[in-house]
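*Asks:* What would the 3D arrangement of this be:
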Amino acid sequence: MQHLLEQLNPQQKEAVLAIEGPLLIIAGAGSGKTGVITTRIAWMLEQGIPAESILAMTFTNKAAGEMKERVKHLLEENARGTTARGVAKTAAALTISTFHAFGLAVLRRYGRLLGYRPNFTVYDSGDQVALLKEAARELTIDPEELEIYTVLQLFSGIKTERIKWSDERWYEMAADLGGGSGGSAGVSTFQDLYRSYQEHLVTFNAVDFDDLIMQPLALLRDHPNVRGHYADRFRYILVDEFQDTSTPQYNLLYQLGHEWKNVCVVGDDDQSIYSWRGADYSNLVRFEKDFPRFREIKLERNYRSTGGILSAANAVIANNTNRKEKALWTQIEVGNPIELSFPDDDLNEASFIAEKIKLMAYRDNRRYDAFGILFRTNSQARVIEEALLEADIPYHMSGGQSFFQRKEIKDVAGYLRVILNPDDDVNLLRTINTPRRGIGRRTVEELHKIADARRISLYSTISLILSGNPGEVEHGIGKSALDSLGEYMELIEEYQRRFEESKHIAATTERLVTEINYWGYLVQEFQKSDRAAKAKWKNIGFFIKSIDRYETNPDVLEPTLQGYLNRISLQTRDELSEEEAAGKVNLMTIHAAKGLEFDVVFLAGVEDGIVPHQRAVEESGNPEEERRLFYVAITRAREQLFLTSCRRRQVQNDILEAVPSPFLEEIPPELLVKTDGDPATGMNLPEDPFAMLKAQFAE
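*Replies:* Numbers count the residues shown, from 1 in each chain. Below is the predicted model of the structure:
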């Protein structure tokens, strides 16, 4: 390992070697923290710490996957006679996961103590929407009158104890729902809806993403044997992006680590930008209080950005008062100045960015994926997208629809989920008449009526009706619909047997897709677009290949249908394949850009009201998180940074005068160059850009 340690700076090396006891690593932007974490894990293994005793947690599947690969690579470098199989075995024994994936593993093992059956389903956001609508209908609330996503967000706040029922947002929504008559009576409607939502989760043997933190936390708090098992197993814990932990996630960490106290947390309070989803950077203070003998190491050398970009970032963030003091520095030269342009409006801003990228790609021979375009709000994206399309510049919009959220994929996955967990009403309703088999709305309503009266799942209801005891259940379902229900049940039961008997999940899934004639369904649905039907059918093929890759992955020791479905439930939208990203300009919000870096960054709409965002400042009472967001945007740039601030901007149907962001005044003027918005400013371009090419052909 000595050659690896020699590649680290003194502070990084100190962080790697400090294995015992609590450790707080304050890692500035671009300071090489991922390398420190992975080298630290490799060093721990070198010192004889068993891989099974190490737990590393982060926030995205992509980050966890990259961490695993880097650790495996370090182990291979340092193998010293260890076989490749031995290295793979050691790497596989490490637990490197997201908080939610770890919580899922705890629930799989001990969920029975909370009343969960082993085959419970993890509901994604789409499933949650369907469940909430179902719960609303049962309470005779019209789902169309609800702001579904806002309600789910507030329910999440209640479940994770971030907000209370006394929060004024409930009264505002109650007033909207009741036509202006809010008050406590109106709020009680949402309390009833929340209880119904929770009861449905229990009935369907399902959990949502918040449950993957809150329920394992309940197990660790209330069951000493569970806490003892995990605390004794994971004696060394590492947490990346610690500033993004929520209070429940911190409590989970505390339950796991307070006994042995070998807890290493890595974070940067200057990059805490997720308070709106529960992140609390004051967990840094809690850590210092709960682990009083902690050691603190600051990583302040930046390996990413030029000196000019870094100086601008330092100057901006220094205006925040509630932060740990640090001063990032770099040995990279000052580089190009930061360019600030003032386009007339957002249309000119978008054209400027697109043309500048086109010219720079030509002049500097840069690939398009070297460029990142960042913005504060999604509403800014449309005009920029149109400009990129017009300029024939390929781009990828991060945060777009996930592959696993596409309808055709959710349809097939829905069958798999019902086969695994028949009590999953949401996915049963998705699949019971897809493809169409003559089970209409009236039949479903009749099933609901019986299920609600007996407090059982729809699957159990259908089984009861088809059991052959006519007098046992009264219903108004016709013979044709009963026959179709019978065929559906036979299909589910048949494939329950097939998946149990077969070791080939992908092949069995392919057979299922063929048997339900999903291709015929697509042809029927898209009669006017053969291309659309073929595209969706191709996606089904990709889905089956995805299952096959899971089955044949040597790192998956026991591939199961349940394991695969868990994996895609935890799949996050941050995961972009190399093929999708290659050669395309990156277009995203500043929040989505966290953890990424680009040679050239364009930050659009640096105007008061956007950066900082007016509503965010009003809700928080101060601009510090918005300043941190601006800091994160600046530090995404390696070599060049362009800022645009429009003179006017279209807001809905109005053209409004815009004012430059006050944050711009915090950048030292000597680091800025103001331009007139001409994309070719400062660029030495030939009059005929194809002159050289023509000359080559002439030769």
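
*Asks:* For the rest of this, base every contact and every neighbour count on C-alpha atoms.
*Replies:* OK.

*Asks:* what about residue 354, neighbour count?
*Replies:* By the criterion of other CA atoms under 10 Å, residue 354 has 24 neighbours.

*Asks:* thought it was touching residue 387?
*Replies:* Yes. In this structure, residue 354 is within contact of residue 387 by CA atoms under 8 Å, at 6.1 Å.

*Asks:* which residues sit in contact with residue 93?
*Replies:* When contacts are counted by CA atoms under 8 Å, 6 or more residues apart in numbering, residue 93 touches 51, 52.

*Asks:* for it, phi and psi?
*Replies:* Here is the backbone geometry of residue 93 (degrees, to the nearest 10): phi -80, psi -20.

*Asks:* per-residue confidence for it?
*Replies:* On pLDDT, residue 93 comes in at 91.

*Asks:* can you pull out the strands in the stretch 51-200 of the chain?
*Replies:* 54-58, 95-98, 121-122 (DSSP state E, counting those that start in this stretch).

*Asks:* Return the most buried member of the ones you listed.
*Replies:* Burial of these is given as mean neighbour count (mean count of other CA atoms under 10 Å); strand 121-122 ranks first at a mean of 26.

*Asks:* who touches that strand?
*Replies:* Strand 121-122 has contacts (CA under 8 Å, 6+ apart) with 205, 206, 207, 208, 209, 417, 421, 424, 566, 569.

*Asks:* from the residues you listed, which single one is nearest residue 29?
*Replies:* Nearest to residue 29 among the contacts of strand 121-122, counting by CA to CA, is residue 209 at 28.9 Å.

*Asks:* What is the longest strand of this structure by residue count?
*Replies:* The single longest strand within the chain, with elements called by DSSP state E, is strand 637-644.

*Asks:* Would you mind writing the CA trace of that strand as CSV?
*Replies:* Taking Å, rounded to 0.1, in the frame of the first residue of the first chain, the C-alpha atoms of strand 637-644 are listed here in CSV:
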residue,chain,number,x,y,z
ALA,A,637,-16.0,24.1,-13.7
ARG,A,638,-12.5,22.8,-14.3
GLU,A,639,-11.2,25.3,-16.8
GLN,A,640,-13.8,27.9,-17.9
LEU,A,641,-16.9,29.4,-16.4
PHE,A,642,-19.5,31.5,-18.1
LEU,A,643,-22.3,33.4,-16.3
THR,A,644,-25.3,34.9,-18.0
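
*Asks:* The helix or strand following it packs against which elements?
*Replies:* Heading C-terminal from strand 637-644, the first helix or strand you meet, by DSSP states H and E, is strand 648-651. Packed against strand 648-651 by the contact rule (3 or more CA pairs under 8 Å, 6 or more residues apart in numbering; DSSP states H and E) you find helix 346-364, strand 654-657.

*Asks:* pLDDT on strand 648-651, on average?
*Replies:* For strand 648-651, the mean pLDDT works out to 86.

*Asks:* Go ahead and name everything in contact with it.
*Replies:* 344, 345, 346, 655, 656, 657, 658.

*Asks:* ok, now stretch 396-416?
*Replies:* Applying CA under 8 Å, 6+ apart, the contact partners of stretch 396-416 are 126, 427-428, 430-431, 434, 492, 509, 513, 536, 539-540, 543, 561, 565, 568, 572-574, 580-581, 584-588, 592.

*Asks:* Just the ones of those in strands?
*Replies:* 585, 586, 587, 588.

*Asks:* how distant is stretch 326-340 from the center of its chain?
*Replies:* Relative to the chain's own centre, stretch 326-340 is displaced by 30 Å; criterion: CA atoms, centre = their mean, to the nearest Å.

*Asks:* in that stretch, what counts as buried?
*Replies:* Residues 326, 327, 328, 329, 330, 334, 336, 337, 338, 339, 340 are the ones in stretch 326-340 that count as buried (16 or more other CA atoms under 10 Å).

*Asks:* Is it possible to get JSON lines of those that adds secondary structure?
*Replies:* Output for the buried residues of stretch 326-340, formatted as JSON lines (DSSP: H, G, I helix; E, B strand; the rest coil):
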{"residue": "326", "secondary structure": "coil"}
{"residue": "327", "secondary structure": "coil"}
{"residue": "328", "secondary structure": "coil"}
{"residue": "329", "secondary structure": "strand"}
{"residue": "330", "secondary structure": "coil"}
{"residue": "334", "secondary structure": "coil"}
{"residue": "336", "secondary structure": "coil"}
{"residue": "337", "secondary structure": "coil"}
{"residue": "338", "secondary structure": "strand"}
{"residue": "339", "secondary structure": "strand"}
{"residue": "340", "secondary structure": "strand"}
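
*Asks:* how about TSV for those, with distance to residue 650 and pLDDT added?
*Replies:* Below are these laid out as TSV (distance: CA to CA, whole Å; pLDDT from 0 to 100):
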residue	distance to residue 650	pLDDT
326	39	89
327	39	86
328	38	94
329	39	96
330	40	96
334	36	93
336	31	93
337	29	95
338	26	97
339	23	96
340	20	97
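
*Asks:* Looking at those residues, spot the one nearest residue 472.
*Replies:* For those, the nearest to residue 472 is residue 326 (73.0 Å; CA to CA).
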